[in-house]
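Asks: need coordinates for the following:
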Amino acid sequence: MLVFLVTGATGAGKSTLVHTLRDRGHRAISLDADPRLCAWTDAAGHRVESPAEPDAAWLSAHRWSWDPSRLDEIIAAGTGRLMWLCGYAANAAELAGRFDAVFILDIGVETMRHRLRHRAGGNDFGRTEATLGAAEIYFREFTAAWRDRDAVTVDAAGNPQEVTDRVLAAAARIAPDVVTGSGGEPLPR
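Replies: All right, here's what the predicted structure looks like:
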């Protein structure tokens with residue numbers, strides 16, 4: 001089984017991609033939705049509870065992180081020929097060796113700000129000045145962490161169907177015998 005990670009800055013469209021991939025018949029999991037995997041951690045890597053309204057000082061001392069052993073459990077429980085894992089964590093680049101390929105949903109900081117300010121529901125990170133400021137810091141950290149990694153960058157501007165098409169086309173170049181369109185047909189290279 002191939003395991004593909006799709007990651008990106010806050011607001012890049014990872015959760016939306018999970019839904020569009022599922023709509024097209026793919027096994028896609030939102031990593032951010034797993035409370036055993038994801039948590040705020042302190043500088044020592046210990047789980048902490050986030051305050052209801054974290055301020056800039058708290059956010060600068062904590063990061064959204066994945067538990068490596070839980071990630072391994074999710075991957076081990078996978079079935080089929082391909083599993084898409086979508087999410088963001090400050091320590092994701094350190095865990096990149098667990099994936100057969102990593103795809104980065106690429107957006108600019110202005111697009112991120114706009115998307116965070118205009119989210120329809122769900123995740124409210126980025127709606128307050130403190131969390132928007134943290135999102136901008138995390139954006140720079142994310143970009144630096146992945147700059148020298150062997151990841152495939154995908155333009156995440158545009159509507160969800162276009163972004164999904166781009167991700168699937170990029171994946172088809174890596175694994176043409178596994179990645180297919182919604183009807184099971186091979187995707188064009």
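Asks: only C-alpha atoms for contact and neighbour calcs from this point on.
Replies: Fine.
Asks: low-confidence stretches in this structure?
Replies: In the predicted model of the chain, residues 119-127, 180-189 satisfy pLDDT under 70.
Asks: for it, which segments count as strands?
Replies: 2-8, 28-30, 38-41, 47-48, 63-66, 82-86, 101-106, 152-155 (DSSP state E).
Asks: including mean neighbour count, could these go into JSON lines?
Replies: Below are the strands of the chain laid out as JSON lines (neighbours: other C-alpha atoms under 10 Å):
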{"stretch": "strand 2-8", "mean neighbour count": "23"}
{"stretch": "strand 28-30", "mean neighbour count": "21"}
{"stretch": "strand 38-41", "mean neighbour count": "20"}
{"stretch": "strand 47-48", "mean neighbour count": "14"}
{"stretch": "strand 63-66", "mean neighbour count": "22"}
{"stretch": "strand 82-86", "mean neighbour count": "22"}
{"stretch": "strand 101-106", "mean neighbour count": "21"}
{"stretch": "strand 152-155", "mean neighbour count": "18"}
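Asks: what is the longest helix anywhere in the chain packed up against?
Replies: The longest helix of the chain (DSSP state H) is helix 129-146. Secondary-structure packing of helix 129-146 (3 or more C-alpha pairs under 8 Å, 6 or more residues apart in numbering; DSSP states H and E): helix 56-60, helix 109-117.
Asks: touching the first one from outside, list them.
Replies: It stands for helix 56-60. Identification of contacts with helix 56-60 by C-alpha atoms under 8 Å, 6 or more residues apart in numbering yields 130-131, 133-134.
Asks: using CSV, lay out these together with distance to residue 173 and neighbour count.
Replies: Formatted as CSV, those follow (distance: C-alpha to C-alpha, whole Å; neighbours: other C-alpha atoms under 10 Å):
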residue, distance to residue 173, neighbour count
130, 40, 18
131, 37, 20
133, 36, 18
134, 35, 21
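Asks: wait, which of the residues you listed is closest to residue 104?
Replies: Nearest to residue 104, judged by C-alpha to C-alpha, of the contacts of helix 56-60 is residue 134 at 19.7 Å.
Asks: what's the neighbour count on residue 53?
Replies: For residue 53, the neighbour count with other C-alpha atoms under 10 Å is 10.
Asks: correction: the previous question concerned residue 113.
Replies: Neighbourhood size, residue 113 [other C-alpha under 10 Å]: 18.
Asks: am I right that it is in contact with residue 133?
Replies: No. Counting by C-alpha atoms under 8 Å, residue 113 sits too far from residue 133 to count as a contact (9.6 Å).
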